[in-house]
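Chemist: Below is the sequence, then the predicted model.
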Amino acid sequence: MFSSQSIDYSLSTPARCLASLPPRSSSSAAAKSKSNSDDEQDGWDDDDSFQFDDANTQDTHRFLVGTAFPSITKTDSENDLNNDDESNQLHLLTYHEDSHEITLDASYPHPGEIWALAPHPKNDTLVTCGGGVYLESGEDGTSSDNQLMEFKTQLWKISDGDDEGFGLGPSLESLIVIPHGENITNQNAGWEKRVGCILWNPILSSDDPFEDQEMGGGSLLTVGWEACSPIALWDLSASVAVETWSSSTSSSNRRKRYNLLQSALPRRASWDPHQPTTILCSEVQDVRAYDTRMSSGTGIGVVRNAHRYGVTDIDHNRLQEHVIVTSGMDGVIKFWDLRMHLSSNEENSSLPPADLLKIVRGGHSHWSTRASYNPFHDQLVISGGTDGITNLWRISSCSSAPLLDFDGDDDVNNGGEDPLEDECGDEGVGGSGAKEEGEEEINPVDYDYSRGEEKKDSIPTKPPSNDIRVSRFECSDTVADVCWSVSDPWMYASLSCDGAFVVHHVPSKEKYKILL
């Protein structure tokens, strides 16, 4: 009934990070069951308990949103969080399919802005957050000039308060402080501790982060905001963060040739699900590959000038090895085969550039901030941009299961999608967006399934194709983050910088084309 409709929820607070929570883990479910049993024995009514009870049903989907409001967080002499109204929040939102509504289930006070967010892929009560803390004088009289005094990355346990006793509200319990960048000389006034991206090991098999799972050195990856901060791999099995591998920071001198805007661009990373010892990380215009088995940490290869003005996101295809998607400040989405494009670390290469798998232009009139593969159907890709647009793409030609195209007759005769010229054409932001040699490009589709017809201001320019834009949603502000739902492969969400959270659905017609 509601499968083709989007729904939004406004947090009315600046936000930067979005993540989908996994189904409820067996350990947390057992603990919750024991707590409920104890409440019944004590005579307490459990009707007002925290809303984790329906977390495993197929009709509910949970998401975490981290706010980034530049307020001052009050701390005491031990830097413990003082819960007040000015604190940033980690919000838990649930989308209910049966009623087609979004509810705010809980808000957890967090010390400082949240710039990076990564829930544990197997345990829904654990989440790692990285951000900056503004400090204010505590009761001990510690002085503070309201500067950004500290960057901190922590592993938190989400608590609903019922386990501690009746009447306690939702809270975050700090389990581990991850000392990212602390082993570097303090030449950047603490900025080397700033984290731009956090990733969990893609082959985690247990919901216990402190269990030794023999994953080749670590379970958590922290990526420094810029080149002066390292990429570090952490082993949490000893209930403390032990660094097992770190990238070299000798390349930080390269950032001197970048302008101020590019230096402020946070690095993004993707952990290869096929080769868990391989990590890809953006470095302004380049994409660099690292092997965590190499102690030097200098990188094993690089894709030079992947995007003209800077790379904003990277994601691996989970169904095809060596295939990735990137987004950039040029407003372009690119699909790569690393076997053809990953070269040595040498600056100069005599080899001509290889062909890209696909390049998508015109979907964004400004920066493209995010691009993400569907974990189960790699024909589907979502992207977001600073123009406030969230796009759903069907890129079938370079997927693991390309759709059959019988000369496009079925699409045309049944009112299907026709590739249409977008109003922004082939031009990206800040340049001509000229097609590079060897690149295959597509023009985006502007087809509205909710109306069952093409947009009136769109003009067909070429025959039907299996690489199209399925849907386009205009958000209220810059799209800060996008993600696929862990519980449903046909659902995804977007987050605007003004705190507008939107849940989207893949149209039914697209489902049938992919499944049948």
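Modeler: Okay, I see it. Residues are numbered from 1 along each chain as shown.

Chemist: Could you count how many residues lie near Ala264?
Modeler: 11 (other Cβ atoms under 10 Å). All C-beta atoms are positioned from the backbone trio N, CA, C, and that covers glycine.

Chemist: Quick check: it vs Val332, distance?
Modeler: Distance of Ala264 to Val332, given as Cβ to Cβ, to the nearest Å: 20 Å.

Chemist: what's the answer for Tyr108, then?
Modeler: According to Cβ to Cβ, Tyr108 and Val332 sit 37 Å apart.

Chemist: any weak-confidence spans in the stretch 351-500 of the chain?
Modeler: 351-352, 404-465 (pLDDT under 70).

Chemist: That one: strands as residue ranges?
Modeler: Using DSSP state E, counting those that start in this stretch, the strands of the stretch 351-500 of the chain run over residues 358-360, 368-373, 380-385, 389-395, 441-442, 447-448, 453-454, 467-474, 479-484, 491-496, 500-505.

Chemist: Dump these into CSV; add mean neighbour count and distance to Asn201 as well.
Modeler: Converted to CSV, the strands of the stretch 351-500 of the chain look like this (neighbours: other Cβ atoms under 10 Å; distance: least, Cβ to Cβ, whole Å):
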stretch, mean neighbour count, distance to Asn201
strand 358-360, 23, 29
strand 368-373, 26, 18
strand 380-385, 26, 23
strand 389-395, 24, 27
strand 441-442, 20, 34
strand 447-448, 20, 39
strand 453-454, 14, 44
strand 467-474, 20, 32
strand 479-484, 24, 18
strand 491-496, 24, 23
strand 500-505, 22, 27
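
Chemist: Any chance of those strands in TSV with distance to Ser229 as columns?
Modeler: Shown next, in TSV, are the strands of the stretch 351-500 of the chain (distance: least, Cβ to Cβ, whole Å):
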stretch	distance to Ser229
strand 358-360	31
strand 368-373	20
strand 380-385	25
strand 389-395	30
strand 441-442	35
strand 447-448	43
strand 453-454	47
strand 467-474	34
strand 479-484	21
strand 491-496	24
strand 500-505	29
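
Chemist: Between these, which one is closest to Ala118.
Modeler: Of all the strands of the stretch 351-500 of the chain, it is strand 479-484 that lies closest to Ala118, at 11.0 Å by Cβ to Cβ.

Chemist: Tell me which other helices or strands that closest one touches.
Modeler: Under the contact definition 3 or more Cβ pairs under 8 Å, 6 or more residues apart in numbering; DSSP states H and E, strand 479-484 sits against strand 15-20, strand 368-373, strand 380-385, strand 389-395, strand 491-496.

Chemist: Got the confidence number for the residue lying closest to Ile198 once chain neighbours are set aside?
Modeler: Of all residues not flanking Ile198 in the chain, Ala118 sits nearest, at 3.9 Å (Cβ to Cβ, 6 or more residues apart in numbering). Ala118 is assigned 95 on the pLDDT scale.

Chemist: What strands line up against the strand or helix carrying Ala118, and which way round?
Modeler: Using DSSP states H and E, the element containing Ala118 is strand 113-119. Strand 113-119 has its sheet partners listed here by DSSP bridges as strand 126-136 (antiparallel).

Chemist: Following the chain onward from the partner strand, which element is next?
Modeler: For strand 126-136, the following helix or strand on the C-terminal side (DSSP H and E) is strand 148-159.

Chemist: Past that following strand, which element shows up next along the chain?
Modeler: Following strand 148-159 toward the C-terminus (DSSP H and E): strand 171-178.

Chemist: residue contacts, Tyr9?
Modeler: By Cβ atoms under 8 Å, 6 or more residues apart in numbering, Tyr9 lies in contact with 93, 102, 104, 500-502.

Chemist: Just confirm it is within a helix.
Modeler: No. Going by DSSP: H, G, I helix; E, B strand; the rest coil, the assignment for Tyr9 is strand, not a helix.

Chemist: how near is it to Arg16?
Modeler: Taking Cβ to Cβ, one finds Tyr9 at 16 Å from Arg16.

Chemist: for Arg62, same thing?
Modeler: Arg62 sits 19 Å away from Arg16, going by Cβ to Cβ.

Chemist: Tell me which of the two has more neighbours.
Modeler: Set side by side, Arg62 and Arg16 show more neighbours around Arg62, with 24 against 20, by other Cβ under 10 Å.

Chemist: ok, that one to Ser10 distance?
Modeler: From Arg62 over to Ser10 the distance is 18 Å, taken as Cβ to Cβ.

Chemist: One more: Arg394?
Modeler: Note on Arg394: its distance to Ser10, by Cβ to Cβ, is 29 Å.

Chemist: Kindly report the same for Ser270.
Modeler: For Ser270, the distance to Ser10 - Cβ to Cβ - is 30 Å.

Chemist: For the two, indicate the residue with more neighbours.
Modeler: Ser270 (24 against 13).

Chemist: Could I get the contacting residues of the more buried one?
Modeler: By Cβ under 8 Å, 6+ apart, the neighbours of Ser270 are 199, 279-280, 314-316, 324.

Chemist: which of those lies closest to Gly388?
Modeler: Asp315 (20.9 Å).

Chemist: Which strand residues bridge that closest one?
Modeler: Asp315 forms beta bridges with Val325, as assigned by DSSP bridges.

Chemist: sorry, back to before: the residue nearest to Ile198: neighbour count?
Modeler: Ala118, neighbours per other Cβ under 10 Å, totals 22.

Chemist: cool, and the one 4 residues further on?
Modeler: The number of residues packed around Lys122, counting by other Cβ under 10 Å, is 18.
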